[in-house]
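> Based on what follows, work out the 3D shape:
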Amino acid sequence: MDILAIVLVIIGLSGLIASLVPTHQICNISDHQHNGWLILISMIVMFIFGYLGFLWSLFTHETDTLDLIIAIIFCGGGGFVYLVTKMSRETIFKLKQTIREKHYQAHHDPLTGLPNRNQFYEDIDKLIANEGQIFSCLMMDLDDFKMINDTFGHAQGDHVLQVVAERIIEVMPQDAIAARLGGDELALVLPCTLAEDAVTIARVIQSELLKEISCESHCLTIGVSIGIAQYPKDGDSRKSIMKSADIAMYHAKKNDEHYQIYATHLI
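I've put the predicted structure just below:
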């Protein structure tokens, strides 16, 4: 009976000690209410000392039936605490992952993986909120994209958009923000970049997109018209800076040019 009681208490004690790991992991989750879990850790530590004290008493006196019953309760209690903390950790982690996935889906284009219009608006607003910040906004529209959809079908058109997005991501600066606003309309924000310097990126994008794209049994080349506007010179709000870049893009497409920097005479 002595050995059995000792083994049962050790099993319960192991469960308590093991429960410290998931509880500590829960406490390290950002944006999570930690007060209750911190109290739980303190209580588990107190229980561990209690288990150790009872275990010591089992070694120092002969075990009776009551001691065995208490040992069984201690064993079950330690196992219960471990299961509850482990399952809580898994549930919280799954909920956090689901929230991240939902947020990503709500703010990214499912076809290209680029941020969508809503996320793009948020990113621009954050830049504008930083006083003294300058940036260049590039609005891009693929040339004759409708013809690709009409000739090869929308599935191939989607493939072309995916390739275009991949190529833009490859050549854009690390701190740049790219987005698909809808259809074949793309946008790019270059923080701390003057419009004249943004021309270099526009040329690189144009050159990259002119490389052949496999489409069924054909190889296509697709151009892009790019309008460039600089904040705050060409617009002091998200709406106005995007409008200026859009006007410049329209003139680039109209005049069959690769890019156009916004200027007041374009209005």
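> count of neighbours near the closest residue to residue 210 other than its chain neighbours?
Distances taken as C-beta to C-beta, 6 or more residues apart in numbering place residue 221 nearest to residue 210, at 5.3 Å, with adjacent residues excluded. Yep, even glycine has a C-beta here, placed from its N, CA and C like the rest. Close neighbours of residue 221, defined as other C-beta atoms under 10 Å, add up to 10.
> contacting residues around residue 221?
By C-beta atoms under 8 Å, 6 or more residues apart in numbering, the contact set of residue 221 is 210-213.
> Of the residues you listed, which belong to strands?
residue 213 (DSSP state E).
> what's the closest residue to residue 206 other than its chain neighbours in contact with, if anything?
If you skip the residues right next to it in sequence, residue 206 has residue 258 as its closest partner in space, 4.7 Å away by C-beta to C-beta, 6+ apart. Contacts for residue 258 (C-beta under 8 Å, 6+ apart) come out as 202-203, 206, 223-226, 252.
> Of the residues you listed - the most surrounded one?
Ranked by the number of neighbours (other C-beta under 10 Å), the contacts of residue 258 place residue 226 first, at 28 neighbours.
> State the distance from it to residue 4.
Residue 226 sits 79 Å away from residue 4, going by C-beta to C-beta, to the nearest Å.
> which one is residue 204 nearest to, not counting chain neighbours?
If the residues on either side of it in the chain are set aside, residue 204 comes closest to residue 171, at 4.9 Å by C-beta to C-beta, 6+ apart.
> Look up phi and psi at the one you found.
When quoted as degrees, to the nearest 10, the phi and psi of residue 171 stand at phi -100, psi -10.
> Alright, that wraps it up for me.
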